[in-house]
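> got a predicted structure plus its sequence, pasted below:
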Amino acid sequence: MFKGLAYLVVASTLAASSASAQDLDFSKIKCRDFLSAPKDQIATILTWLEGYYTKENAPPILYADKLMKDAEKLGAYCRAHGDDDIIKAADTVMPVK
């Protein structure tokens, strides 16, 4: 359920932010690109990742504290590994528990 909500948020954010919306292939987003992206795109990516790395049966809640901690860990990882893709980074710092 939460993953579906995250997909909906990402889709609506992308649709609203640009008339020429582009698909985001997370396996091709490098950490350095993530760090230099506009804040709205970073927020979209983080929201999608939170949904993706949440257990399937978890309650449909976006926990602000968890989001901030994960964002800090992801940022630190990406600053140290700029050539890694964002999925590798998220796999390292945001594994599903």
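Thanks, I have the structure now. Residues are numbered from 1 along each chain as shown.
> now for this structure, the helix or strand with the poorest mean pLDDT.
helix 2-17 (a mean of 48; mean pLDDT, DSSP states H and E).
> next secondary structure after it?
Proceeding N to C from helix 2-17, the next assigned helix or strand is helix 31-36, under DSSP states H and E.
> kindly export that following helix (C-alpha atoms) in CSV.
What follows is helix 31-36, C-alpha atoms only, in CSV (Å, rounded to 0.1, in the frame of the first residue of the first chain):
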residue,chain,number,x,y,z
CYS,A,31,25.1,10.0,-6.3
ARG,A,32,26.8,13.2,-7.6
ASP,A,33,23.8,14.0,-9.7
PHE,A,34,21.4,13.3,-6.8
LEU,A,35,23.4,15.7,-4.6
SER,A,36,23.4,18.5,-7.2
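> which positions in it come out as buried?
Cys31, Phe34 (16 or more other CB atoms under 10 Å). C-beta: built from backbone N, CA, C; applies to glycine.
> how far out from the middle of the chain is that helix?
12 Å (CA atoms, centre = their mean, to the nearest Å).
> state the mean pLDDT of the helix or strand just after it.
Downstream of helix 31-36, the first helix or strand assigned by DSSP H and E is helix 39-52. Averaging pLDDT along helix 39-52 gives 93.
> tell me what helix 39-52 is packed against?
helix 2-17, helix 64-80, helix 86-93 (3 or more CB pairs under 8 Å, 6 or more residues apart in numbering; DSSP states H and E).
> now do the buried residues in that helix.
Gln41, Ile42, Thr44, Ile45, Leu46, Thr47, Trp48, Leu49, Glu50, Gly51, Tyr52.
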